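Q: predicted coordinates and the sequence they were generated for:
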Amino acid sequence: MDYETIYDATRRLLWGFLTPKAEPSFTLGLLNALGRHDLALHRDEHLGLRTARDEPIAYYVWASRHREVFGLGGDLAHFIACIEQHDRAALLQYATLCIDNVDRRLRHFEAQGLVTLSLVQGAALGGGFEAALASDVIIAEAHATFGFPEIRFNLFPGMGGYSLLCRRIGMRQTEDMMTSGRVYSAADCKSMGIIDRVVPTGTGQDAVHAYVTGAEQRHNGLAAIYAARRRALPVSHHELMAITTQWVEAALRLCAGDLQHMRRLVQAQSGHRGERH
């Protein structure tokens, strides 16, 4: 199972756990499983979001079953194979799956009264960072880390990272983060305005429950504020696709030395196998 969901009826809360079978990256299997689940969500007559079992959803949380990782980014082994074969179509297919999953979340599945959260309990790098940024609210445990390492192999985060981060902290800080390749602490990201709450390590799920409990009396207002944010700072599917198409072309220009750097990161991703909780 690549994607596991748990519904909390008391809180009208849907947990979506990223549970990749191998290394904790966004494989085709994970992307397809996530897409199948989210495409089965539907709206009721009042335009609220409901599960495939017709359960009402007020809060939808993305989290991970991996002990120390939210997400380590794209499937680098797949990228290498596509680049070496100069398979533009396969790279674009992968990128489009990423964009479609992010875009559905950004649009709140065309539903009203929904608040989305990301709970980061470990490393959120590259595509993992992009996924976290797709939510209205980001809660991170104190040991969590964030960053875009793509510059290390001469590329950039092309599945929404620039658009989503720029809306939160502006162009200059976004480009500083991306060109540095640095890994930032949760405290760093909180001070920059990227994430909303930092909580002690091991308390992330309790923090989500506390957020929902505290938000319940203000749910309508909060959901409306986040809807206003999306109106004021829109990120369109067209924008995301235009940038990810640039990413595909940039990826196909990578040289042998760049791919060697990418292979080292593949080994780092593989080192995190089997660490789920």
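A: Looks like it came in fine.
Q: spatially nearest residue to the residue most central in space within the chain (excluding sequence neighbours)?
A: In the chain, the residue lying closest to the centroid (CA atoms, centre = their mean) is Ala131, at 0.7 Å. Nearest non-adjacent residue to Ala131, counting by CB to CB, 6 or more residues apart in numbering: Gly71, 5.6 Å away. From N, CA and C alone the C-beta is placed, and that goes for glycine too.
Q: what's the neighbour count on the one you found?
A: 27 (other CB atoms under 10 Å).
Q: phi and psi next, for it.
A: phi -170, psi 130 (degrees, to the nearest 10).
Q: is it true that it touches Ala134?
A: No - counting by CB atoms under 8 Å, Gly71 stays clear of Ala134, with 11.3 Å between them.
Q: run the chain-centre distance for stretch 36-49.
A: How far stretch 36-49 lies from its chain's middle: 20 Å, per CA atoms, centre = their mean, to the nearest Å.
Q: how about the residue lying closest to Glu84 once chain neighbours are set aside, what does it touch?
A: Spatial nearest neighbour of Glu84, chain neighbours left out: Leu259 (7.2 Å); criterion: CB to CB, 6+ apart. Leu259 makes contact with Ile80, Ile83, Glu84, Phe153, according to CB atoms under 8 Å, 6 or more residues apart in numbering.
Q: between these, which is closest to Asp103?
A: Closest to Asp103 out of the contacts of Leu259 is Ile83 (24.7 Å), distances taken as CB to CB.
Q: what sits against the closest one?
A: Shown in contact with Ile83 (CB under 8 Å, 6+ apart): Leu91, Ala251, Leu252, Leu254, Leu259.
Q: among these, which ones are in helices?
A: Taking DSSP state H, the ones among those that sit in helices are Leu91, Ala251, Leu252, Leu259.
Q: where does this protein have its least confident helix or strand?
A: Least confident helix or strand, the chain: helix 256-270 with a mean of 87, by mean pLDDT, DSSP states H and E.
Q: residue ranges of the helices in the protein, please?
A: 28-39, 76-84, 88-106, 127-133, 161-169, 171-180, 186-192, 204-215, 219-232, 237-252, 256-270.
Q: render the CA-only coordinates of the last one in PDB, please.
A: If I follow you right, that is helix 256-270. C-alpha atoms of helix 256-270 as PDB (Å, rounded to 0.1, in the frame of the first residue of the first chain):
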ATOM      1  CA  ALA A 256      26.900  12.700 -16.900                       C
ATOM      2  CA  GLY A 257      28.400  14.500 -13.900                       C
ATOM      3  CA  ASP A 258      25.000  15.800 -12.900                       C
ATOM      4  CA  LEU A 259      23.500  12.400 -13.100                       C
ATOM      5  CA  GLN A 260      26.400  11.100 -10.900                       C
ATOM      6  CA  HIS A 261      25.400  13.600  -8.200                       C
ATOM      7  CA  MET A 262      21.800  12.400  -8.600                       C
ATOM      8  CA  ARG A 263      22.900   8.800  -8.100                       C
ATOM      9  CA  ARG A 264      24.500   9.700  -4.800                       C
ATOM     10  CA  LEU A 265      21.100  11.100  -3.600                       C
ATOM     11  CA  VAL A 266      19.400   7.900  -4.800                       C
ATOM     12  CA  GLN A 267      21.700   6.000  -2.400                       C
ATOM     13  CA  ALA A 268      20.700   8.400   0.400                       C
ATOM     14  CA  GLN A 269      17.000   7.800  -0.400                       C
ATOM     15  CA  SER A 270      17.600   4.100  -0.300                       C
END
